[in-house]
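Student: sequence and predicted structure, then a few things I'm wondering about:
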Amino acid sequence: MKILVTGAAGQVGTDLLPLLVEQGHEVTVFDIARRPAGCPEPVTWVQGDITGRPEVFDAVKASRPDLIYHLAAILSARGEDMPHVAYRVNLDGTMNVLEAARLFETGQVFFASTIAAFGPGLPDLVPNEISMRPTTMYGVTKVAGELLGEYYARKFGLDFRGVRFPGLLNAGIPGGGTSDYALFMYVEGLRTGSYAAFCEPHAMIPFMYMPDALRAILELAEAPREKLTRHVYNIASISATAEEFADAVRARVPGVDLTFEPVPELQAILDSWPRALDDTAAREDWGWQPEYDLEAMSDDLIAKVKALLVEDAPAPTP
Ligand SMILES: NC(=O)c1ccc[n+]([C@@H]2O[C@H](COP(=O)([O-])OP(=O)(O)OC[C@H]3O[C@@H](n4cnc5c(N)ncnc54)[C@H](O)[C@@H]3O)[C@@H](O)[C@H]2O)c1
């Protein structure tokens, strides 16, 4: 297939690209960032701004993708620092992608939604369909993006699909999400021996290990359309408190000093998100099944972060 990935220089895209290349797809990237050194050779890299409609149209027109993975976004914490930019990138950008897909007849558009699309005050296991009243600009733009995609599906017959990702963990550099505290416990814990998390110990939101998230992306794209009863799906695997994450790291990194110095604005964002998601619809419609729980993820992630530190790769700054 011909595949266009927007925002592929980020945490998800960096791990997704090699998989797509391995599977033999012809991959084009559209990202405001420059082509990174480790990008697989066959990938065509287009540097551009997703808010610029002509640039997006040109990239889609030139690459004529069968499938667009639309990942480009400004995440929650950065979005609160610059809400106007988040609005433009996340909402105007999504509109540009959908419109390009309509004009140049892209078969399918995948949308990376988020637990942040929900708002506060929901039950502990949040169902796939419930009133969504997010209180962050990131959440507002993501729920609007879901609805825009559904509009394009209804009005123009676009095959629009998406998942609501939990906070994602991998050995890469996170992109400014409020869930980043969990990953920093592993990375900073191993790199410096200590980390003070910006949340309360009892903070609890859904998380997922990146290999599961990537599998979800690929499996949903391959699912027969007639089996799908909706366009956007909750997916879930790990729901643990920050203290439980800290304990998982402590059990594997002797002597590590993990503490909590909550930043009220960031804790308030975490409080506005679900604690756990109900992903029954994804399981029933396209067989979604996570492989990693907190223990299995911690074993694998620690080995990967250690390997990166040995290679002396640049570490993320909390
Ligand atoms: N990482 C998570 O924990 C998480 C959780 C839920 C949902 N998501 C969603 O998954 C997607 C990918 O997330 P990520 O963690 O890789 O994000 P990231 O911040 O690491 O990467 C975002 C990418 O978008 C690009 N980008 C930003 N502004 C742009 C612009 N104006 N034009 C073109 N490209 C631009 C950046 O250069 C970057 O490569 C996003 O849509 C995000 O909302 C991520």
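Tutor: Right, received. Where do you want to start? Numbers count the residues shown, from 1 in each chain.
Student: how about the residues of the stretch 1-150 of the chain near the ligand?
Tutor: If contact is defined as CB under 6 Å from any ligand atom, the residues of the stretch 1-150 of the chain in contact with the ligand are 7, 9-13, 31-33, 49-51, 71-73, 75, 89, 112, 114. The way it works is simple: take the backbone N, C-alpha and C, and place the C-beta from them, glycine included.
Student: buried subset of these, written for ChimeraX?
Tutor: Selecting only the buried entries of those in ChimeraX, with 16 or more other CB atoms under 10 Å as the criterion:
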select :7,9,10,11,12,13,31,32,49,50,51,71,72,73,75,89,112,114
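Student: the residues of the stretch 1-150 of the chain next to the ligand in helices, which ones?
Tutor: Assignment to helices by DSSP state H places the following of these there: 11-13.
Student: quick one: which of the residues of the stretch 1-150 of the chain next to the ligand sit in strands?
Tutor: Among those, the members falling in strands (DSSP state E) are 31, 112, 114.
Student: mind checking the end-to-end distance for stretch 154-163?
Tutor: 18 Å (CA to CA, to the nearest Å).
Student: got the buried residues for it?
Tutor: 158-163.
Student: what's the closest of these to residue 263?
Tutor: Nearest to residue 263, judged by CB to CB, of the buried residues of stretch 154-163 is residue 163 at 28.2 Å.
Student: mind checking the SS state of the closest one?
Tutor: strand (DSSP: H, G, I helix; E, B strand; the rest coil).
Student: how close does it get to residue 213?
Tutor: Using CB to CB, to the nearest Å, we find residue 163 at a distance of 8 Å from residue 213.
Student: need the overlap of contacts for these two.
Tutor: residue 235 (CB atoms under 8 Å, 6 or more residues apart in numbering).
Student: check contacts around residue 150.
Tutor: So residue 150 contacts 160, 231-232 (CB under 8 Å, 6+ apart).
Student: does the ligand sit close to stretch 181-188?
Tutor: No. Using CB under 6 Å from any ligand atom, stretch 181-188 never reaches the ligand; the gap is at least 8.5 Å.
Student: how about residues contacting that stretch?
Tutor: With CB under 8 Å, 6+ apart, stretch 181-188 has contacts from 167, 169-171, 174, 194-195, 197-199, 203, 207, 242, 245-246, 249, 258, 298, 301-302, 305, 315-316, 318.
Student: quick revisit: out of the contacts of residue 150, who's nearest the ligand?
Tutor: Closest approach between these and the ligand, by CB to the nearest ligand atom: residue 232, at 11.9 Å.
Student: now do residue 168, the pLDDT please.
Tutor: We have a pLDDT of 95 for residue 168.
Student: same for the helix or strand containing it, what does it pack against?
Tutor: Assigned by DSSP states H and E, residue 168 belongs to strand 167-169. Packing partners of strand 167-169 (3 or more CB pairs under 8 Å, 6 or more residues apart in numbering; DSSP states H and E): helix 180-192, strand 204-209, helix 210-222.
Student: ok, and does it reach over to the ligand?
Tutor: Yes. Applying CB under 6 Å from any ligand atom, one finds strand 167-169 touching the ligand at 167-168.
Student: and stretch 226-236, by the same measure?
Tutor: No. Using CB under 6 Å from any ligand atom, stretch 226-236 stays clear of the ligand, coming no nearer than 10.2 Å.
Student: re the thing from before, each with direction, which strands does the strand holding residue 168 pair with?
Tutor: Sheet pairing here is set by DSSP bridges, and for strand 167-169 it gives strand 204-209 (parallel).
Student: which outside residues touch the strand it pairs with?
Tutor: Contacts for strand 204-209 (CB under 8 Å, 6+ apart): 115, 165-170, 179, 182, 235-242, 245, 270, 273-277, 290, 292, 296-297, 300-301.
Student: determine whether any part of that strand lies close to the ligand.
Tutor: No. Figure legend: strand 204-209 not in contact with the ligand (CB under 6 Å from any ligand atom); closest approach 8.1 Å.
Student: and if you look at stretch 245-260?
Tutor: No. Stretch 245-260 stays clear of the ligand (CB under 6 Å from any ligand atom), getting no nearer than 13.9 Å.
Student: give me the residues contacting that stretch.
Tutor: 182, 185-186, 189-190, 193-197, 199-201, 207, 240, 242, 294-295, 298-299, 302.
Student: if we use 7 Å, what do you get?
Tutor: For stretch 245-260, contacts defined as CB atoms under 7 Å, 6 or more residues apart in numbering pick out 182, 185-186, 189-190, 193-197, 199-201, 242, 294-295, 298, 302.
Student: ok, stretch 300-311 next?
Tutor: The contact list for stretch 300-311 (CB under 7 Å, 6+ apart) reads 169, 171, 186-187, 190-191, 209, 252.
Student: CSV for those, including neighbour count?
Tutor: As requested, the contacts of stretch 300-311 are arranged in CSV below (neighbours: other CB atoms under 10 Å):
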residue, neighbour count
169, 27
171, 21
186, 27
187, 25
190, 20
191, 16
209, 23
252, 17
